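> below: sequence and its predicted model.
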Amino acid sequence: MPHEQTAQALESEELVPPAEPHAAHVAPKKVETQADLSAEIKGISDRYAEALKNGRGPETMPRLDYAPYRSSILRHPTKSLHHADPETIELYSPAFGHQDVHALESDLTIQHNGEPQGERIIVSGRVLDGDGRAVAGQLVEIWQANASGRYIHKRDQHPAPLDPNFTGVGRCITGDDGSYSFTTIKPGAYPWKNHLNAWRPAHIHFSMFGSEFTQRIVTQMYFPGDQLFPLDPIYQSIVDQDARDRLVAEYDHELTSPEWALGYKWDIILTGSKRTWTENEAYGDAGDEE
Amino acid sequence: MSKLTPTPGQTVGPFYGYALPFNKDNELLAPGSPGSIRLQGTVYDGSGSTIPDAILEIWQPDSDGNIVQRTGSLVRDGYTFTGWGRGSVGNSGVYTFTTVNPGPTAPGAAAFISVAVFARGLMNRLFTRVYLPENEEALANDPLLSSLDPERRKTLIARRDPDGGLTWDIRLQGGDETVFLDFQQDGSLETSVNADHSARENQA
(Lines give C-alpha, C1' and ligand atoms only; values in the text may rest on other atoms or scores of the structure.)
Protein backbone atom coordinates (compact mmCIF):
# COMPACT_ATOMS: atom_id res chain seq x y z
CA MET A 1 0.00 0.00 0.00
CA PRO A 2 1.06 3.62 0.02
CA HIS A 3 3.90 2.99 2.43
CA GLU A 4 5.84 1.18 -0.25
CA GLN A 5 5.31 3.84 -2.86
CA THR A 6 8.01 6.23 -3.84
CA ALA A 7 7.51 9.95 -3.89
CA GLN A 8 7.44 9.84 -7.66
CA ALA A 9 4.73 7.22 -7.68
CA LEU A 10 2.74 9.26 -5.19
CA GLU A 11 3.16 12.28 -7.35
CA SER A 12 1.93 10.54 -10.44
CA GLU A 13 -0.97 9.39 -8.30
CA GLU A 14 -1.85 12.89 -7.26
CA LEU A 15 -1.69 14.75 -10.54
CA VAL A 16 -4.07 14.29 -13.40
CA PRO A 17 -2.19 13.09 -16.50
CA PRO A 18 -2.28 14.95 -19.81
CA ALA A 19 -4.71 14.63 -22.68
CA GLU A 20 -7.24 11.99 -21.72
CA PRO A 21 -10.23 13.57 -20.07
CA HIS A 22 -11.28 10.28 -18.55
CA ALA A 23 -7.85 9.10 -17.49
CA ALA A 24 -8.77 9.40 -13.85
CA HIS A 25 -11.54 6.88 -14.36
CA VAL A 26 -9.50 4.11 -15.96
CA ALA A 27 -6.59 3.91 -13.54
CA PRO A 28 -5.22 0.37 -13.84
CA LYS A 29 -4.20 0.01 -10.20
CA LYS A 30 -6.39 -0.99 -7.33
CA VAL A 31 -8.76 1.89 -7.23
CA GLU A 32 -9.66 3.64 -4.02
CA THR A 33 -13.04 5.27 -4.31
CA GLN A 34 -14.50 8.32 -2.67
CA ALA A 35 -16.56 5.93 -0.54
CA ASP A 36 -13.34 4.32 0.77
CA LEU A 37 -11.86 7.70 1.55
CA SER A 38 -15.03 9.08 3.05
CA ALA A 39 -15.21 6.08 5.39
CA GLU A 40 -11.64 6.77 6.51
CA ILE A 41 -12.37 10.46 6.98
CA LYS A 42 -15.48 9.62 8.99
CA GLY A 43 -13.55 7.22 11.23
CA ILE A 44 -11.06 9.93 12.14
CA SER A 45 -13.84 12.46 12.58
CA ASP A 46 -15.81 10.13 14.89
CA ARG A 47 -12.77 9.46 17.05
CA TYR A 48 -12.13 13.19 17.31
CA ALA A 49 -15.75 13.86 18.32
CA GLU A 50 -15.40 11.19 20.99
CA ALA A 51 -12.19 12.76 22.30
CA LEU A 52 -13.88 16.17 22.49
CA LYS A 53 -16.72 14.61 24.43
CA ASN A 54 -14.17 13.14 26.84
CA GLY A 55 -12.89 16.62 27.58
CA ARG A 56 -10.00 17.00 25.22
CA GLY A 57 -9.36 20.54 23.97
CA PRO A 58 -10.18 21.40 20.38
CA GLU A 59 -7.49 21.12 17.72
CA THR A 60 -6.75 24.27 15.80
CA MET A 61 -4.25 23.10 13.17
CA PRO A 62 -4.31 20.40 10.48
CA ARG A 63 -3.08 16.98 11.49
CA LEU A 64 0.38 16.42 10.05
CA ASP A 65 -0.41 12.70 10.11
CA TYR A 66 -3.59 12.47 8.07
CA ALA A 67 -3.53 9.33 5.96
CA PRO A 68 -6.58 10.13 3.79
CA TYR A 69 -4.31 12.64 2.02
CA ARG A 70 -2.14 9.88 0.58
CA SER A 71 0.85 12.06 -0.22
CA SER A 72 1.20 12.92 3.46
CA ILE A 73 1.85 9.35 4.53
CA LEU A 74 5.61 9.47 3.99
CA ARG A 75 5.91 13.20 4.52
CA HIS A 76 4.85 13.79 8.10
CA PRO A 77 7.16 13.71 11.11
CA THR A 78 6.44 10.74 13.35
CA LYS A 79 8.14 12.26 16.37
CA SER A 80 6.41 15.01 18.34
CA LEU A 81 7.41 18.49 17.36
CA HIS A 82 10.01 19.62 19.87
CA HIS A 83 8.97 22.45 22.17
CA ALA A 84 11.36 25.33 21.82
CA ASP A 85 11.45 28.91 22.98
CA PRO A 86 11.89 31.07 19.91
CA GLU A 87 15.16 32.97 20.07
CA THR A 88 16.67 36.04 18.45
CA ILE A 89 16.15 35.75 14.68
CA GLU A 90 12.96 33.73 15.17
CA LEU A 91 11.43 36.66 17.06
CA TYR A 92 11.73 38.90 14.01
CA SER A 93 10.39 38.68 10.50
CA PRO A 94 12.03 39.65 7.25
CA ALA A 95 11.00 43.14 6.13
CA PHE A 96 9.14 43.60 2.86
CA GLY A 97 8.13 46.85 1.27
CA HIS A 98 7.14 48.64 -1.86
CA GLN A 99 10.50 47.92 -3.43
CA ASP A 100 9.44 44.29 -3.33
CA VAL A 101 5.83 44.46 -4.46
CA HIS A 102 4.16 46.76 -6.96
CA ALA A 103 0.68 47.99 -6.03
CA LEU A 104 -0.80 46.51 -9.22
CA GLU A 105 0.29 42.99 -8.27
CA SER A 106 -2.82 42.72 -6.10
CA ASP A 107 -5.06 42.76 -9.18
CA LEU A 108 -4.92 39.38 -10.91
CA THR A 109 -7.33 40.50 -13.62
CA ILE A 110 -5.02 43.06 -15.26
CA GLN A 111 -1.88 41.04 -15.85
CA HIS A 112 -2.54 40.39 -19.53
CA ASN A 113 -4.00 42.18 -22.52
CA GLY A 114 -7.56 41.02 -22.01
CA GLU A 115 -10.04 40.30 -19.27
CA PRO A 116 -9.86 36.80 -17.79
CA GLN A 117 -12.87 34.51 -18.02
CA GLY A 118 -14.97 33.87 -14.95
CA GLU A 119 -16.60 35.52 -12.02
CA ARG A 120 -14.64 38.58 -10.91
CA ILE A 121 -14.24 38.77 -7.13
CA ILE A 122 -12.62 40.93 -4.49
CA VAL A 123 -11.03 39.13 -1.54
CA SER A 124 -10.20 41.41 1.37
CA GLY A 125 -9.47 41.13 5.03
CA ARG A 126 -6.93 41.80 7.73
CA VAL A 127 -3.88 39.96 8.99
CA LEU A 128 -3.83 40.03 12.80
CA ASP A 129 -1.57 38.42 15.34
CA GLY A 130 -2.85 36.27 18.18
CA ASP A 131 -3.34 39.34 20.36
CA GLY A 132 -5.44 41.06 17.73
CA ARG A 133 -2.68 43.45 16.69
CA ALA A 134 -2.59 44.42 13.03
CA VAL A 135 0.30 42.93 11.08
CA ALA A 136 1.34 45.98 9.09
CA GLY A 137 3.69 46.20 6.13
CA GLN A 138 3.97 42.46 5.62
CA LEU A 139 3.93 40.31 2.53
CA VAL A 140 0.84 38.40 1.39
CA GLU A 141 1.15 36.09 -1.64
CA ILE A 142 -1.66 34.18 -3.34
CA TRP A 143 -1.96 31.67 -6.15
CA GLN A 144 -4.93 29.83 -7.58
CA ALA A 145 -6.51 27.93 -10.45
CA ASN A 146 -8.46 29.79 -13.12
CA ALA A 147 -12.25 29.78 -13.44
CA SER A 148 -12.11 26.36 -15.13
CA GLY A 149 -10.14 24.80 -12.33
CA ARG A 150 -6.83 24.75 -14.19
CA TYR A 151 -3.50 25.93 -12.82
CA ILE A 152 -1.05 27.47 -15.22
CA HIS A 153 1.64 25.31 -13.59
CA LYS A 154 3.17 22.93 -16.13
CA ARG A 155 2.48 19.99 -13.86
CA ASP A 156 -1.24 20.61 -14.01
CA GLN A 157 -2.38 18.70 -17.09
CA HIS A 158 -6.05 18.58 -16.13
CA PRO A 159 -7.80 18.97 -19.49
CA ALA A 160 -9.67 22.15 -18.68
CA PRO A 161 -8.83 25.26 -20.67
CA LEU A 162 -6.00 27.58 -19.74
CA ASP A 163 -6.95 31.24 -19.83
CA PRO A 164 -4.45 33.36 -21.74
CA ASN A 165 -5.56 36.34 -19.66
CA PHE A 166 -5.10 34.74 -16.26
CA THR A 167 -1.95 33.61 -14.49
CA GLY A 168 -3.39 33.28 -11.00
CA VAL A 169 -0.58 34.84 -8.95
CA GLY A 170 -0.84 37.95 -6.78
CA ARG A 171 1.01 39.75 -4.03
CA CYS A 172 0.47 42.69 -1.76
CA ILE A 173 1.88 44.40 1.30
CA THR A 174 -0.53 44.80 4.22
CA GLY A 175 -1.63 48.29 5.20
CA ASP A 176 -1.10 49.93 8.58
CA ASP A 177 -4.26 48.24 9.84
CA GLY A 178 -3.11 44.82 8.57
CA SER A 179 -5.50 45.01 5.63
CA TYR A 180 -5.02 43.31 2.30
CA SER A 181 -7.17 43.20 -0.82
CA PHE A 182 -6.98 41.23 -4.06
CA THR A 183 -9.08 41.47 -7.19
CA THR A 184 -9.22 38.12 -8.95
CA ILE A 185 -11.44 35.48 -10.55
CA LYS A 186 -13.31 32.89 -8.56
CA PRO A 187 -11.30 29.68 -9.02
CA GLY A 188 -12.98 26.47 -10.16
CA ALA A 189 -12.86 23.13 -8.40
CA TYR A 190 -10.30 20.76 -9.89
CA PRO A 191 -9.81 17.01 -10.02
CA TRP A 192 -6.78 15.27 -8.55
CA LYS A 193 -5.68 11.69 -8.16
CA ASN A 194 -5.68 11.12 -4.44
CA HIS A 195 -8.45 8.59 -5.12
CA LEU A 196 -11.03 7.92 -7.81
CA ASN A 197 -13.20 10.98 -8.46
CA ALA A 198 -11.28 13.22 -6.06
CA TRP A 199 -12.04 16.94 -6.46
CA ARG A 200 -10.59 19.83 -4.53
CA PRO A 201 -13.07 22.47 -3.36
CA ALA A 202 -12.40 25.85 -4.97
CA HIS A 203 -9.63 27.57 -3.02
CA ILE A 204 -7.01 30.28 -3.12
CA HIS A 205 -3.56 29.53 -1.67
CA PHE A 206 -2.39 32.21 0.75
CA SER A 207 1.11 32.76 2.11
CA MET A 208 1.64 35.23 4.93
CA PHE A 209 4.38 36.55 7.17
CA GLY A 210 3.78 37.88 10.63
CA SER A 211 5.93 40.12 12.78
CA GLU A 212 7.91 37.08 13.88
CA PHE A 213 9.15 34.21 11.76
CA THR A 214 7.38 31.75 14.07
CA GLN A 215 4.10 33.17 12.69
CA ARG A 216 4.88 32.19 9.11
CA ILE A 217 1.86 30.51 7.52
CA VAL A 218 0.83 29.03 4.19
CA THR A 219 -2.80 28.04 3.95
CA GLN A 220 -5.82 27.89 1.65
CA MET A 221 -8.94 30.05 1.65
CA TYR A 222 -12.22 28.41 0.67
CA PHE A 223 -15.60 29.72 -0.43
CA PRO A 224 -18.75 29.40 1.68
CA GLY A 225 -21.12 26.50 1.11
CA ASP A 226 -18.84 24.34 -1.04
CA GLN A 227 -20.41 20.89 -1.46
CA LEU A 228 -16.96 19.30 -1.74
CA PHE A 229 -15.91 20.12 1.85
CA PRO A 230 -16.95 16.78 3.37
CA LEU A 231 -15.18 14.85 0.62
CA ASP A 232 -11.82 16.63 0.58
CA PRO A 233 -8.95 15.07 2.56
CA ILE A 234 -6.97 18.31 2.61
CA TYR A 235 -9.78 20.40 4.08
CA GLN A 236 -10.68 17.51 6.38
CA SER A 237 -7.11 17.23 7.68
CA ILE A 238 -8.27 19.95 10.05
CA VAL A 239 -10.50 17.75 12.13
CA ASP A 240 -12.22 20.49 14.13
CA GLN A 241 -15.20 22.17 12.46
CA ASP A 242 -14.60 25.56 14.13
CA ALA A 243 -11.00 25.45 12.93
CA ARG A 244 -12.06 24.52 9.39
CA ASP A 245 -14.53 27.39 9.39
CA ARG A 246 -11.59 29.77 9.90
CA LEU A 247 -10.47 28.97 6.36
CA VAL A 248 -13.80 29.83 4.77
CA ALA A 249 -14.33 33.37 3.54
CA GLU A 250 -17.60 35.13 4.13
CA TYR A 251 -19.61 36.67 1.31
CA ASP A 252 -19.74 40.39 2.10
CA HIS A 253 -22.11 42.54 0.12
CA GLU A 254 -20.45 45.66 1.55
CA LEU A 255 -17.29 44.58 -0.26
CA THR A 256 -19.13 43.83 -3.48
CA SER A 257 -18.44 46.47 -6.08
CA PRO A 258 -21.55 47.51 -8.08
CA GLU A 259 -21.62 46.14 -11.62
CA TRP A 260 -18.07 44.92 -11.14
CA ALA A 261 -17.17 42.19 -8.64
CA LEU A 262 -18.51 40.13 -5.75
CA GLY A 263 -16.83 40.63 -2.38
CA TYR A 264 -15.49 38.04 0.03
CA LYS A 265 -14.06 38.86 3.44
CA TRP A 266 -11.44 36.71 5.12
CA ASP A 267 -9.33 37.64 8.13
CA ILE A 268 -6.22 35.70 9.06
CA ILE A 269 -5.12 35.27 12.65
CA LEU A 270 -1.49 34.35 13.13
CA THR A 271 -0.13 32.46 16.11
CA GLY A 272 0.64 34.42 19.26
CA SER A 273 3.48 36.85 19.50
CA LYS A 274 6.44 35.77 21.62
CA ARG A 275 8.38 39.00 21.60
CA THR A 276 8.07 41.92 23.98
CA TRP A 277 6.92 44.70 21.72
CA THR A 278 8.12 48.26 21.70
CA GLU A 279 5.51 50.97 21.38
CA ASN A 280 6.57 51.81 17.82
CA GLU A 281 6.22 48.24 16.66
CA ALA A 282 2.84 47.91 18.30
CA TYR A 283 1.65 50.83 16.22
CA GLY A 284 2.83 49.31 13.01
CA ASP A 285 6.01 51.24 12.36
CA ALA A 286 7.14 48.76 9.73
CA GLY A 287 10.59 48.75 8.27
CA ASP A 288 10.03 49.92 4.73
CA GLU A 289 13.14 51.86 4.00
CA GLU A 290 12.09 53.52 0.80
CA MET B 1 -0.70 33.81 25.75
CA SER B 2 -2.65 34.77 22.68
CA LYS B 3 -6.28 35.79 22.87
CA LEU B 4 -7.41 34.87 19.37
CA THR B 5 -7.40 31.40 17.88
CA PRO B 6 -5.01 31.16 14.96
CA THR B 7 -6.05 30.32 11.42
CA PRO B 8 -5.00 26.78 10.48
CA GLY B 9 -2.32 26.15 7.90
CA GLN B 10 -2.75 23.94 4.84
CA THR B 11 -0.34 22.19 2.52
CA VAL B 12 1.48 24.31 -0.04
CA GLY B 13 0.27 21.74 -2.59
CA PRO B 14 1.89 20.83 -5.91
CA PHE B 15 1.36 24.08 -7.81
CA TYR B 16 3.34 26.71 -5.89
CA GLY B 17 6.06 26.56 -8.54
CA TYR B 18 4.75 29.39 -10.68
CA ALA B 19 3.88 31.58 -7.69
CA LEU B 20 6.35 31.41 -4.82
CA PRO B 21 9.72 31.26 -6.61
CA PHE B 22 11.18 34.53 -7.90
CA ASN B 23 14.38 35.67 -9.53
CA LYS B 24 17.39 35.21 -7.19
CA ASP B 25 15.10 33.93 -4.45
CA ASN B 26 17.84 31.66 -3.09
CA GLU B 27 20.68 34.17 -3.50
CA LEU B 28 20.86 36.21 -0.30
CA LEU B 29 23.94 37.63 -1.93
CA ALA B 30 25.56 37.08 -5.29
CA PRO B 31 27.35 33.75 -5.67
CA GLY B 32 31.09 34.28 -5.52
CA SER B 33 30.91 37.59 -3.68
CA PRO B 34 33.23 37.99 -0.69
CA GLY B 35 32.04 35.99 2.31
CA SER B 36 29.43 34.08 0.35
CA ILE B 37 28.94 30.38 1.05
CA ARG B 38 26.71 27.72 -0.38
CA LEU B 39 24.16 26.11 1.92
CA GLN B 40 22.82 22.97 0.29
CA GLY B 41 21.14 19.72 1.08
CA THR B 42 18.56 17.16 0.11
CA VAL B 43 15.02 16.72 1.36
CA TYR B 44 13.93 13.10 2.00
CA ASP B 45 10.64 11.40 2.83
CA GLY B 46 10.05 8.52 5.20
CA SER B 47 11.10 5.89 2.67
CA GLY B 48 14.42 7.61 2.04
CA SER B 49 13.28 8.87 -1.35
CA THR B 50 14.11 12.41 -2.31
CA ILE B 51 11.23 14.88 -2.41
CA PRO B 52 11.03 16.79 -5.69
CA ASP B 53 8.40 19.30 -4.59
CA ALA B 54 9.49 20.95 -1.37
CA ILE B 55 10.27 24.61 -0.88
CA LEU B 56 12.35 26.05 1.95
CA GLU B 57 12.79 29.46 3.47
CA ILE B 58 15.80 30.56 5.49
CA TRP B 59 15.96 33.58 7.79
CA GLN B 60 19.19 34.49 9.49
CA PRO B 61 21.38 37.22 10.98
CA ASP B 62 24.26 38.66 9.00
CA SER B 63 27.82 37.49 9.55
CA ASP B 64 28.18 39.86 12.52
CA GLY B 65 25.08 38.46 14.20
CA ASN B 66 22.89 41.48 13.43
CA ILE B 67 19.24 40.88 12.64
CA VAL B 68 18.64 42.76 9.43
CA GLN B 69 15.37 44.64 8.93
CA ARG B 70 15.82 45.84 5.37
CA THR B 71 13.41 45.43 2.51
CA GLY B 72 14.40 44.15 -0.91
CA SER B 73 14.26 40.38 -0.58
CA LEU B 74 11.89 39.95 -3.54
CA VAL B 75 13.64 42.42 -5.80
CA ARG B 76 17.27 42.04 -4.89
CA ASP B 77 19.58 44.95 -5.68
CA GLY B 78 22.66 42.74 -5.50
CA TYR B 79 24.15 44.62 -2.56
CA THR B 80 21.65 44.57 0.31
CA PHE B 81 21.75 41.53 2.55
CA THR B 82 18.20 41.05 3.83
CA GLY B 83 18.75 37.76 5.68
CA TRP B 84 15.81 35.99 4.06
CA GLY B 85 15.68 33.65 1.09
CA ARG B 86 13.48 31.05 -0.52
CA GLY B 87 14.66 27.97 -2.37
CA SER B 88 12.76 25.25 -4.20
CA VAL B 89 14.28 21.81 -4.43
CA GLY B 90 15.02 20.48 -7.88
CA ASN B 91 13.90 17.15 -9.30
CA SER B 92 16.52 15.37 -7.22
CA GLY B 93 15.30 16.93 -3.98
CA VAL B 94 18.33 19.20 -3.66
CA TYR B 95 18.07 22.80 -2.50
CA THR B 96 20.78 25.45 -2.63
CA PHE B 97 21.17 28.88 -1.05
CA THR B 98 23.93 31.41 -1.43
CA THR B 99 24.31 33.17 1.89
CA VAL B 100 26.82 34.04 4.62
CA ASN B 101 27.73 32.20 7.78
CA PRO B 102 25.35 33.68 10.36
CA GLY B 103 27.10 35.37 13.27
CA PRO B 104 26.16 34.64 16.88
CA THR B 105 23.44 37.07 18.01
CA ALA B 106 25.07 37.36 21.44
CA PRO B 107 28.64 36.69 22.58
CA GLY B 108 29.12 32.96 23.00
CA ALA B 109 25.75 32.05 21.48
CA ALA B 110 25.53 29.26 18.93
CA ALA B 111 24.96 30.64 15.43
CA PHE B 112 22.05 29.21 13.51
CA ILE B 113 19.74 29.81 10.58
CA SER B 114 15.99 29.55 11.06
CA VAL B 115 14.30 27.34 8.45
CA ALA B 116 10.68 26.85 7.37
CA VAL B 117 9.87 23.77 5.30
CA PHE B 118 6.90 23.46 2.93
CA ALA B 119 6.05 20.55 0.63
CA ARG B 120 3.26 18.91 -1.24
CA GLY B 121 1.90 16.28 1.13
CA LEU B 122 3.08 18.22 4.17
CA MET B 123 -0.06 19.49 5.87
CA ASN B 124 1.50 22.49 7.57
CA ARG B 125 4.85 24.19 7.42
CA LEU B 126 7.55 22.91 9.72
CA PHE B 127 10.11 25.03 11.54
CA THR B 128 13.62 23.91 12.29
CA ARG B 129 17.14 25.31 12.66
CA VAL B 130 20.48 24.63 11.07
CA TYR B 131 23.51 25.33 13.27
CA LEU B 132 27.08 26.04 12.22
CA PRO B 133 29.26 23.09 13.26
CA GLU B 134 32.39 24.85 14.54
CA ASN B 135 31.86 26.35 17.98
CA GLU B 136 31.42 23.22 20.06
CA GLU B 137 31.26 25.04 23.36
CA ALA B 138 28.46 27.26 22.08
CA LEU B 139 26.63 24.25 20.67
CA ALA B 140 26.96 22.45 24.01
CA ASN B 141 25.45 25.44 25.81
CA ASP B 142 22.66 26.06 23.36
CA PRO B 143 19.28 25.76 25.08
CA LEU B 144 17.62 23.89 22.23
CA LEU B 145 20.48 21.53 21.37
CA SER B 146 21.15 20.66 24.98
CA SER B 147 17.51 19.66 25.39
CA LEU B 148 17.87 17.00 22.68
CA ASP B 149 19.39 13.58 22.88
CA PRO B 150 22.67 13.31 20.95
CA GLU B 151 21.24 11.32 18.05
CA ARG B 152 18.50 13.83 17.38
CA ARG B 153 20.75 16.82 18.05
CA LYS B 154 22.93 15.84 15.09
CA THR B 155 20.06 16.48 12.69
CA LEU B 156 20.29 20.23 13.33
CA ILE B 157 24.02 20.68 12.78
CA ALA B 158 25.35 21.27 9.28
CA ARG B 159 28.50 19.69 7.86
CA ARG B 160 31.25 22.03 6.71
CA ASP B 161 32.18 21.36 3.10
CA PRO B 162 35.76 21.55 1.79
CA ASP B 163 34.81 24.67 -0.17
CA GLY B 164 33.64 26.43 2.99
CA GLY B 165 29.97 25.82 2.35
CA LEU B 166 27.45 23.98 4.48
CA THR B 167 25.57 20.77 3.77
CA TRP B 168 22.42 20.01 5.70
CA ASP B 169 19.80 17.44 4.76
CA ILE B 170 16.18 17.37 5.88
CA ARG B 171 14.37 14.13 6.65
CA LEU B 172 10.65 14.59 7.12
CA GLN B 173 10.16 11.14 8.63
CA GLY B 174 12.02 8.12 9.89
CA GLY B 175 14.66 7.05 12.36
CA ASP B 176 16.91 9.98 11.59
CA GLU B 177 14.03 12.42 11.23
CA THR B 178 15.04 16.07 11.50
CA VAL B 179 14.02 17.79 14.72
CA PHE B 180 11.10 20.10 13.98
CA LEU B 181 10.07 22.79 16.41
CA ASP B 182 6.88 23.79 18.16
CA PHE B 183 7.04 27.39 19.31
CA GLN B 184 3.48 27.54 20.60
CA GLN B 185 3.80 26.54 24.21
CA ASP B 186 0.48 28.01 25.18
CA GLY B 187 -1.87 25.25 24.17
CA SER B 188 -2.35 22.24 21.97
CA LEU B 189 -1.85 24.06 18.70
CA GLU B 190 0.54 21.76 16.94
CA THR B 191 1.35 19.02 19.35
CA SER B 192 -0.08 15.59 19.05
CA VAL B 193 -2.04 13.94 21.83
CA ASN B 194 1.04 12.18 23.11
CA ALA B 195 3.27 15.22 23.03
CA ASP B 196 6.45 14.69 24.97
CA HIS B 197 6.84 17.49 27.46
CA SER B 198 9.89 16.09 29.20
CA ALA B 199 12.40 17.96 27.07
CA ARG B 200 10.72 21.21 27.91
CA GLU B 201 10.86 20.46 31.60
CA ASN B 202 14.54 19.57 31.34
CA GLN B 203 15.14 22.85 29.69
CA ALA B 204 13.50 24.88 32.46
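Looks like it arrived, so ask away.

> up against chain B, what does the stretch 101-250 of chain A have?
A:101, A:128-132, A:139, A:141-143, A:145, A:151-156, A:167-169, A:171, A:205, A:207, A:213-214, A:216-220, A:234-235, A:237-238, A:242-244, A:246-247 (C-beta under 8 Å from any C-beta of the partner chain). From N, CA and C alone the C-beta is placed, and that goes for glycine too.

> and the gap between the residue positioned nearest the centre of chain B and residue B:69?
By C-alpha atoms, centre = their mean, chain B has its centre lying nearest to residue B:115, at 1.9 Å. Distance of residue B:115 to residue B:69, computed by C-beta to C-beta, to the nearest Å: 19 Å.

> what's the answer for residue A:264, then?
Separation of residue A:264 from residue B:69 (C-beta to C-beta): 33 Å.

> residue B:49 too?
Residue B:49 sits 39 Å away from residue B:69, going by C-beta to C-beta.

> residue A:106 now?
In this view, residue A:106 and residue B:69 are 23 Å apart by C-beta to C-beta.

> neighbour count: these two, which is higher?
Per other C-beta atoms under 10 Å in any protein chain shown, whichever of residue A:106 and residue B:69 has more neighbours is residue A:106, with 21 against 15.

> ok, the more buried one touching residue A:171?
Yes - here residue A:106 reaches residue A:171: they are 6.9 Å apart, a contact under C-beta atoms under 8 Å.

> what's the weakest-modelled helix or strand in chain A?
One helix or strand of chain A scores below all others by mean pLDDT, DSSP states H and E: helix A:7-14, with a mean of 50.

> what's the first helix or strand after that helix?
Next along the chain after helix A:7-14, taking DSSP states H and E as the criterion, comes helix A:34-53.

> partners of the next helix or strand after that following helix, with directions?
Where DSSP H and E defines the elements, the next helix or strand beyond helix A:34-53 is strand A:82-83. Strand A:82-83 sits in its sheet next to strand B:181-182 (parallel), going by DSSP bridges.

> run the chain-centre distance for the partner strand.
Relative to its chain's centre, strand B:181-182 lies at 12 Å (C-alpha atoms, centre = their mean, to the nearest Å).

> could you do stretch B:61-80 as well?
Between the centre of stretch B:61-80 and the centre of its chain there are 17 Å (C-alpha atoms, centre = their mean).

> and what of stretch B:69-84?
Relative to its chain's centre, stretch B:69-84 lies at 18 Å (C-alpha atoms, centre = their mean).

> do stretch B:22-29 as well
Centre-to-centre, stretch B:22-29 and its host chain are 16 Å apart (C-alpha atoms, centre = their mean).

> again with stretch A:61-70
Computed by C-alpha atoms, centre = their mean, the chain-centroid distance of stretch A:61-70 equals 15 Å.

> likewise for stretch A:78-92?
Put simply, stretch A:78-92 sits 23 Å off its chain's centre (C-alpha atoms, centre = their mean).

> now that stretch: buried residues?
By neighbour count on 16 or more other C-beta atoms under 10 Å in any protein chain shown, the buried set for stretch A:78-92 is A:80-92.

> out of the residues you listed, who's nearest residue A:226?
Nearest to residue A:226, judged by C-beta to C-beta, of the buried residues of stretch A:78-92 is residue A:81 at 30.2 Å.

> spatially nearest residue to the closest one, not counting backbone neighbours?
With sequence-adjacent residues excluded and distances taken as C-beta to C-beta, 6 or more residues apart in numbering or on different chains, residue A:81 is closest to residue B:182, at 3.7 Å.

> partners of the one you found in the sheet?
For residue B:182, the residues forming beta bridges with it (DSSP bridges) are residue A:83.

> ok, it touching residue A:84?
Yes - Residue B:182 is in contact with residue A:84 according to C-beta under 8 Å; the separation is 6.9 Å.

> which one's the longest strand in chain A?
Longest strand in chain A, counting residues (DSSP state E): strand A:120-128.

> what about that one, distance to the chain center?
13 Å.

> touching that strand from outside, list them.
By C-beta atoms under 8 Å, 6 or more residues apart in numbering or on different chains, the surrounding residues in contact with strand A:120-128 are A:109, A:134-135, A:138, A:140, A:142, A:174, A:177-186, A:204, A:208, A:210, A:221, A:249, A:252, A:255-257, A:260-270, B:4.

> I'd like the next helix or strand past it.
Once strand A:120-128 ends, the next helix or strand along the chain (criterion: DSSP H and E) is strand A:139-144.

> phi and psi next, for residue A:173.
The phi/psi pair for residue A:173 (degrees, to the nearest 10) reads phi -110, psi 130.

> contact partners for it?
Counting by C-beta under 8 Å, 6+ apart, residue A:173 touches A:96-98, A:100-101, A:137-140, A:288.
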